[in-house]
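Undergrad: need a 3D model of the following:
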Amino acid sequence: MLRVGLTGGIGAGKSTVARALAGLGAVVVDADVLAREVVARGTPGLAAVVERFGPGVLTPAGDLDRPALGRRVFADPEARAALNAVVHPLVAARRAELVAAAPADAVVVEDVPLLVETGAAAGLPLVVVVEAPAAERVRRLVEDRGMDEADARARLAAQATDAERRAAADVLLPNPRRPAGEPDPLPGLVEALWRDRLLPFEANLRAGRPAARGPVPERDPGWAAAGERARARIARVAGERALEVRHTGPTAAPGRRAPDVIDVEVLVGDLATAGAVADDLRAAGLVRRPAPPGAGEVLASSADPGRAVDCRLRPVPPR
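TA: Predicted structure coming up:
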């Protein structure tokens, strides 16, 4: 199984990409759908929301009045944080149930609007971000969804910036407004992503094999961001077992020419811990590979055909 995070600012076209991936065979877990489910009439989630915000966020029929609640929270960071504290744990628990129920060979796309804002991106092996200019997103919200412009702008302001989402993105899918009559390139981009990256990534993970590496460029301005994504994913899996996790090697040195491989070094207390962490790194998209005899370290490499990552897990003697 491969878990993929899908996100993007409101109005960017994330739902369009999710539907396209579902049509190609992905198992899509939609956090927006779950967010409605966990605060449906009669649920503990709805009771908690009403306790915090009062009965004014209910319709006469007793359902959650989402527009009324939205007006309360999108202009008030403290109120938004309070709502998130109620809803996010409930959504996360339900999402985990659905992921666990997916087939072993599934590509599970977790459609999460606030993936970056909640810091959850490092918990997924691959993050896809759908991007559109802010002005176009506002236009879509106003013209297509009938939203008040001030409300639309408030919702954009409440979310992560484009720069923050790009830093989290392993794949960036542009979805700007296109001139009338021009074909939409987005479906083709999604199909290529599915065929050339997601399916091979899942197959490599399931087989326990690193991705094959072909010709690569010698310079890449994205090394620093890619290195931080890899480091954060590995650190999240290693947890307290790691003494240190760092992006090393030529790609960690600005301006240097280097093979297009992100090197990450993990320092642990002993060789057994190194092996245990390496086995767990499948959750970060890496698989264990043989180390040379007597190497005294454990190796793992990325199963992602779109980004080469090598990880050395090295015991260090106690001081």
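Undergrad: switch to C-alpha atoms for all contacts and neighbour counts from now on
TA: Fine.
Undergrad: whatever helix or strand V277 lives in: which residues count as buried?
TA: Secondary structure assigned from DSSP states H and E places V277 in helix 271-280. The neighbour-count criterion (16 or more other Cα atoms under 10 Å) identifies 271, 273-275, 277-280 as the buried residues of helix 271-280.
Undergrad: looking at this, R72 is in a helix?
TA: Yes. The assignment for R72 by DSSP: H, G, I helix; E, B strand; the rest coil puts it in a helix.
Undergrad: how about the nearest residue to it, chain neighbours excluded?
TA: Distances taken as Cα to Cα, 6 or more residues apart in numbering put A79 closest to R72, at 7.2 Å, once the chain neighbours are dropped.
Undergrad: dump the residue contacts of the nearest residue to L83 once chain neighbours are set aside.
TA: Once its chain neighbours are removed from consideration, L83 has its nearest residue in V49; the separation is 6.9 Å (Cα to Cα, 6+ apart). By Cα atoms under 8 Å, 6 or more residues apart in numbering, the contact list for V49 reads 39, 83, 86.
Undergrad: just give me the closest of the buried residues of helix 271-280 to G62.
TA: Comparing the buried residues of helix 271-280 against G62 with Cα to Cα places D280 closest, at 45.2 Å.
Undergrad: so the spatially closest residue to the closest one that is not a sequence neighbour, which of the three states?
TA: Counting by Cα to Cα, 6+ apart, V237 is the residue found nearest to D280 once chain neighbours are left out, at 6.8 Å. Using three-state DSSP as the criterion, the local structure at V237 reads helix.
Undergrad: help me confirm that V237 comes into contact with A284.
TA: Yes. With the criterion set as Cα atoms under 8 Å, V237 and A284 qualify as a contacting pair; they are 7.0 Å apart.
Undergrad: got the domain ranges for the protein?
TA: Here the domain assignment for the chain is 2-202, 223-315, based on automatic domain parsing.
Undergrad: before we move on, the earlier item: list the contacts of the residue nearest to D280.
TA: Contact criterion Cα under 8 Å, 6+ apart gives 277, 280-281, 283-284 as the residues in contact with V237.
Undergrad: and what of P89?
TA: Applying Cα under 8 Å, 6+ apart, no residues contact P89.
Undergrad: tell me which helix or strand it sits in.
TA: Of the helices and strands defined by DSSP H and E, P89 is found in helix 77-100.
Undergrad: surely R206 is within a helix?
TA: Yes. Membership of R206 in a helix is supported by three-state DSSP.
Undergrad: report pLDDT for E218.
TA: At E218 the predicted local confidence, pLDDT, stands at 58.
Undergrad: one more: S301?
TA: Residue-level confidence at S301 comes out at 97, pLDDT.
Undergrad: can I assume it sits in a helix?
TA: No. The assignment for S301 is strand, going by three-state DSSP, so no helix is present there.
Undergrad: can you give me the neighbour number for it?
TA: Taking other Cα atoms under 10 Å as the criterion, the count of residues near S301 is 26.
Undergrad: again with the one 10 residues further on
TA: Each residue near C311 was counted by other Cα under 10 Å, and the total is 28.
Undergrad: which residues sit in contact with it?
TA: Contacts of C311 by Cα under 8 Å, 6+ apart are 263-266, 299-301.
Undergrad: which one of the residues you listed is nearest P67?
TA: Comparing these against P67 with Cα to Cα picks out V264 as the nearest, at 45.6 Å.
Undergrad: the closest one and R241, how far apart?
TA: The gap separating V264 from R241 is 15 Å, by Cα to Cα, to the nearest Å.
Undergrad: the more surrounded of the two?
TA: Just comparing V264 and R241: by other Cα under 10 Å the higher neighbour count belongs to V264, 24 against 17.
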